[in-house]
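Undergrad: sequence first, then the predicted structure, then my questions.
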2 protein chains.
Amino acid sequence: MLKVNRKSEYALMTVQHLARLPAGTVLAAQQLAEELGVPEDLLAKVLQGLKRAEVLQASKGAGGGYRLVRTLAELRFIDVIGPFEDHMAMVSCCETPARAAGSAMCERAESCGVRQPISALNQLLHSQMAQLTMDQFLKGGGGAGLRSAAELAAEASLVG
Amino acid sequence: MLKVNRKSEYALMTVQHLARLPAGTVLAAQQLAEELGVPEDLLAKVLQGLKRAEVLQASKGAGGGYRLVRTLAELRFIDVIGPFEDHMAMVSCCETPARAAGSAMCERAESCGVRQPISALNQLLHSQMAQLTMDQFLKGGGGAGLRSAAELAAEASLVG
DNA sequence: CGAGTAACGGACCAATTCGGTCCGATTTGG
DNA sequence: CCAAATCGGACCGAATTGGTCCGTTACTCG
């Protein structure tokens, strides 16, 4: 658990990199890949994902590329890594009803007893990453972000 | 991210199951597997892991089996799932120096810039699971556990 | 208008991880 | 001694992951 995949890593690097440049700067995938030192084809996929998530804006054709659409303060950590993390469910049998079809395991769902606790814990961790803004994350690395954990305590009471 | 693997799931189920029985009850792997409805051979590995982590105590021979060594209040969430989650590092290049040997990626470690924030965030999430006791987790599912998130805020300031 | 540039997206591949099984060795109690 | 139980390594198939390749589409600039 707790491991982000490579794509998310590249996504974070991309956002940070673009944020350091003057606002509105447009960079092509190729150039971005070069500057970050990551495989170009893979980064291309990441950029497409970030565009679909409305984190980046893309412009095709000559002179085109990607630019940030929001400021770091308006971007949440989860917005950036979310598109590349499929299973935030923490436990296989609590995923979407659609996917749960294949799991024979859910037959003992009622007796299992850890499903509900896990799901609750998951919601909490999830909400923490949903509250963490990218600028909090980048400077302080969450230390700053979760220094506001007192607020979370308040919200936790309505989750639990 | 945020997904525990099957072994951890079985570990949580095991601890919960044993905790419901009279304290000190000894159950064999076979019987435990039957009652939980999970594959026996795999559960055996989980039980061995939990024993190594000193969560369970094992006794061999006829009439043997496993029993809890600590109460739910003394058991932390991370004690139970820890033995089965190898990569809590959140990002591949910040793992133990030993494993980092193979990664060419770490050559850009200094310029990367997201390593440090990720590692800090990781420490925070990790510490939350280290504070969450198993009884908090089981009733309330972390809602109760993280209602003490205010305390975490205090601790966060020395982490960040 | 047309050539070049860059995003788009699907197919594919190798390597790793994961869930699970099998089997033999060892210890222990009756 | 025998049966019950833990122990632990080897192994396997399937799923996931990190990464590549290539063709298509859309746009811009000369």
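TA: Happy to help now that I have it.

Undergrad: run through who's touching the strand or helix carrying residue A:79.
TA: Per DSSP states H and E, residue A:79 falls inside helix A:77-81. Outside helix A:77-81, the residues within contact range by CB atoms under 8 Å, 6 or more residues apart in numbering or on different chains are A:4, A:8, A:11-12, A:15, A:50, A:53, A:55, A:126, A:129-130, A:132-134, A:137, A:145, B:1, B:121. Every residue, glycine included, has its C-beta placed from N, CA and C.

Undergrad: give me that answer again for 6 Å
TA: Here helix A:77-81 makes contact (CB atoms under 6 Å, 6 or more residues apart in numbering or on different chains) with A:4, A:8, A:11, A:12, A:15, A:55, A:129, A:130, A:132, A:137.

Undergrad: could I get the full set of helices for chain A?
TA: Secondary structure of chain A (DSSP state H): helices at A:6-20, A:29-36, A:40-52, A:77-81, A:97-100, A:109-112, A:115-131, A:134-138, A:149-159.

Undergrad: name the residues of stretch A:116-130 that are buried.
TA: For stretch A:116-130, the neighbour count (16 or more other CB atoms under 10 Å in any protein chain shown) marks A:117-129 as buried.

Undergrad: could you list which of those also contact chain B?
TA: A:117, A:120, A:121, A:124 (CB under 6 Å from any CB of the partner chain).

Undergrad: could you dump the residues you listed into JSON lines with pLDDT added?
TA: Below are these laid out as JSON lines (pLDDT from 0 to 100):
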{"residue": "A:117", "pLDDT": "89"}
{"residue": "A:120", "pLDDT": "86"}
{"residue": "A:121", "pLDDT": "87"}
{"residue": "A:124", "pLDDT": "86"}
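
Undergrad: low-confidence regions, chain A specifically.
TA: Within chain A, the segments meeting pLDDT under 70 span A:87-111, A:140-160.

Undergrad: residue A:33 contacts residue A:44, correct?
TA: No. Counting by CB atoms under 6 Å, residue A:33 stays clear of residue A:44, with 7.8 Å between them.

Undergrad: the two - which one has more neighbours?
TA: Neighbour totals were compared for residue A:33 and residue A:44, and residue A:33 leads with 21 against 14 (other CB atoms under 10 Å in any protein chain shown).

Undergrad: DNA strand D contacts on chain A?
TA: A:5-7, A:38-42, A:45, A:59-64, A:86-87 (CB under 7 Å from any atom of the strand).

Undergrad: look up how far residue B:22 lies from residue A:37.
TA: Residue A:37 sits 59 Å away from residue B:22, going by CB to CB, to the nearest Å.

Undergrad: which one of these two has more residues nearby?
TA: Counted by other CB under 10 Å, residue A:37 and residue B:22 do not tie: residue A:37 has more neighbours, with 13 against 5.

Undergrad: ok, now how distant is the nearest residue to residue A:113 once chain neighbours are set aside from residue B:25?
TA: Nearest residue to residue A:113 in three dimensions, chain neighbours excluded: residue B:16, at 5.5 Å (CB to CB, 6 or more residues apart in numbering or on different chains). Distance, residue B:16 to residue B:25, by CB to CB: 13 Å.

Undergrad: these two: who's more crowded?
TA: For residue B:16 versus residue B:25, neighbours defined as other CB under 10 Å are more numerous around residue B:16 (19 against 14).

Undergrad: next up, the contacts around the more buried one.
TA: Taking CB under 6 Å, 6+ apart, one finds A:113, A:114, B:138 in contact with residue B:16.
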